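In: Okay, here's the prediction I keep looking at, along with the sequence it came from:
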Amino acid sequence: MGKDENRTDENSKGEATVPVANFIREIIKEDMKSGRWGGKVVTRFPPEPNGYLHIGHAKAICIDFGSAQEFGGECHLRYDDTNPAKEDQEYIDSIQRDVRWLGFDWGKHCYYASDYFEKIHMWAIELIKQGKAYVDDLTADEIRKYRGTLTEPGKDSPCRNRSVEENLALFEKMANGDFEDGSRVLRARIDMASPNINLRDPVMYRILKAEHHRQGRRWKIYPMYDWAHGLEDSIEGVTHSLCSLEFEDHRPLYDWFLDQLSVHHPQQIEFARLNLTFTVMSKRKLKELVDKNYVAGWDDPRMPTLSGLRRRGFTPESIRNFCERIGVAKRDSTVDYALLEHCLREDLNKKAKRVMAVINPLKVVIKNYPEGMVEMIDAINNPEDASMGTRQVPFSGVLYIEKNDFMEVPPKKFFRLSPGREVRLRYGYFITCTDVVKNDAGEVVELRCTYDPQTKGGAAPDGRSPKATIHWVSAQHALDLEVRQYDKLFNSEAPGAGTDGDYLKDLNTDSLKVLLNCKGEPSLAHVTPEDKFQFERIGYFCVDKESTDEKTVFNRTVSLKDEWAKIVKKSGA
RNA sequence: UGGGGUGUCGUCCAAUGGCAAGACUCUGGAUUCUGGCUCCAGCUAUCGAGGUUCAAAUCCUUGCACCCCAGCCA
């Protein structure tokens, strides 16, 4: 497969992409060559089930699962459920659904950190016996004070030199639930003067008499991340423990615990997490958007959550391709949202069935079209993919066209319909606008046109060709649709950057426009949620789960690129 | 003023002492029954200052900027 070749780039459109070089691939490649792990690659994706996965997690998932896949290894899905206070079954389910939807398979390797609690507990006792862990009676507040600061060393706790026997006895009582929540902790005995604060006797266990979603009330103490994570990796035989940059400082601790216990010792490798323009990525902020009803839930189509993107109409392929293209490195960066949109359009262009729908209808009466006549016209389902075939669309003397495809006083470069001008109706006839009907308010409410019967199918015998082709829907056959036009959730490239951190001030109050009177061609009759279409000349749309029998609801996934909009913007503003 | 990281086009990201790639964005053009797609062309980059070398993004010295760390969160 040539996958061990050091190829750079080469992202030819559409086809499978060749991996971009990155430092993690390099490391694994080297390890494979040297036989460091016996030719095996084992990675893991270790989410804490305390929230929904978002596009940032998608990057991690692609790296974790992708690395294993690429080198013929395995990737474990492991719930890092060491804090029952925050975790919930709902999140476990959503995480599985999202990882699977993204296109990854953990096979039989779905694990829970909580399944290792027994083992981890034994190891803690071993560490105590080695004199490398102790029970501390200090309060949380005192521990903080004793820890020192970034520039000053910490102080030893008075409990630091307890005997092994006493520590063992106390720890057993902790585990038995004999002490109150928060009254004692087990700490590693490392170095209170370390310049790395993580090494100043980190807490290994805290007392927490909470109900665990899998363990019930069995445990009264729960291990901390730093203590548990390396052991979880070790138990599973992980070779490359990939995580984000903020854990770089924790690596010495990761290594220390595993070294003390002389167990299998994976290599922790850190990479930069994903930032995207025009969005926020922290769980806290996303939760706030949900809780304060700025959006309609975790799967609101404006959310960067995987469930939100799915509902918005993103394809897993487009997200995977995006994750490959952004690369993997160690520097903080913010990827242009336009790249995500590009990957989306690229994928949808290949796959989405074309269909005609009018989002802001304007009635058109074709005066010389025979009364009551209906013709069926062939239309191509996808010009990018002939195998998707054709369909028939009804044509009649009363149609809807898009309001903005007509201008009474056309500016320069406006090629669409205006009084006296001829345009082509997609797959249909050429029509010429003869009259404009207005209401009392002076608004255009109807157009009278004539058609040229010679131009059926879109070609004229005399070879003339209008500058514009517009889409349409036959009025008597039209389906009523609701269209939800979603836009960016934030106005600012970096929400909160210019508002003293108050990202809510950068919310785009126009991020959702609901259009209730849209018209669609009859082929849109039987659709199911997540079905994706291109509404010709407008954009990509997908069926929302809130569709009813009476009315199908479409979410605008992303608009088509729009040259005309650019021209307007340039001359207008 | 502790420790750990990172600085390459506007934005991502390559280069492993040997001609600074590619993608996205943007600009111009060709084509087109979608102002879509496609195609062609163009734009702009090695944080600064010294040094080593025939040759430096890469090595050395030094400075600067930015990110992370003082949870009984992960």
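Out: Structure received.
In: Would you map the strands across the stretch 201-350 of chain A?
Out: A:203-207, A:221-223, A:240-244, A:267-271 (DSSP state E, counting those that start in this stretch).
In: Of all these, which one is nearest residue A:294?
Out: Closest to residue A:294 of the strands of the stretch 201-350 of chain A is strand A:240-244 (C-beta to C-beta; 26.3 Å). For glycine as for every other residue, the C-beta is placed from the backbone atoms N, C-alpha and C.
In: Nearest spatial neighbour of the residue of the stretch 401-550 of chain A found nearest RNA strand B, chain-adjacent residues omitted?
Out: The stretch 401-550 of chain A approaches RNA strand B most closely through residue A:458 (1.7 Å), counting by C-beta to the nearest atom of the strand. In space, residue A:458 comes closest to residue A:424 once its chain neighbours are excluded; the distance is 5.6 Å by C-beta to C-beta, 6 or more residues apart in numbering.
In: tell me the pLDDT at the one you found?
Out: Here the pLDDT value assigned to residue A:424 is 98.
In: can I see the domain layout of chain A?
Out: Domain assignment of chain A by automatic domain parsing yields the ranges A:113-224, A:357-471.
In: Let me have the ones you listed in CSV, extended by mean neighbour count.
Out: Formatted as CSV, those follow (neighbours: other C-beta atoms under 10 Å):
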stretch, mean neighbour count
domain A:113-224, 17
domain A:357-471, 16
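In: what about residue A:53, how many neighbours?
Out: When neighbours are counted by other C-beta atoms under 10 Å, residue A:53 registers 24.
In: can you pull the contacts of it?
Out: By C-beta atoms under 8 Å, 6 or more residues apart in numbering, the contact list for residue A:53 reads A:47, A:61, A:94, A:95, A:98, A:99, A:305, A:306, A:307.
In: thinking the fourth one is in contact with residue A:51, fair?
Out: No - under the criterion of C-beta atoms under 8 Å, residue A:95 is not in contact with residue A:51, lying 9.1 Å apart.
In: returning to that earlier point: tell me which helix or strand the residue nearest to residue A:458 sits in.
Out: Here residue A:424 sits within strand A:422-425, counting by DSSP states H and E.
In: Which strands border that strand, and is each parallel or antiparallel?
Out: In the sheet, strand A:422-425 lines up against strand A:430-438 (antiparallel), strand A:469-470 (parallel) (DSSP bridges).
In: any residue of it up close to RNA strand B?
Out: Yes - using C-beta under 7 Å from any atom of the strand, strand A:422-425 reaches RNA strand B at residue A:424.
In: Mind listing residues that contact that strand?
Out: So strand A:422-425 is in contact with A:395, A:399, A:401, A:405, A:415-417, A:430-432, A:452, A:455, A:458, A:465-472, going by C-beta under 8 Å, 6+ apart.
In: for stretch A:294-305, same thing?
Out: Residues from elsewhere that reach stretch A:294-305 (C-beta under 8 Å, 6+ apart): A:52-56, A:94, A:276, A:279-281, A:286, A:288-290, A:307-313, A:484, A:486-489, A:504, A:507, A:511-512, A:544, A:555.
In: What residues of it count as buried?
Out: By 16 or more other C-beta atoms under 10 Å, the buried positions in stretch A:294-305 come out as A:294, A:295, A:298, A:299, A:300, A:301, A:302, A:303, A:304, A:305.
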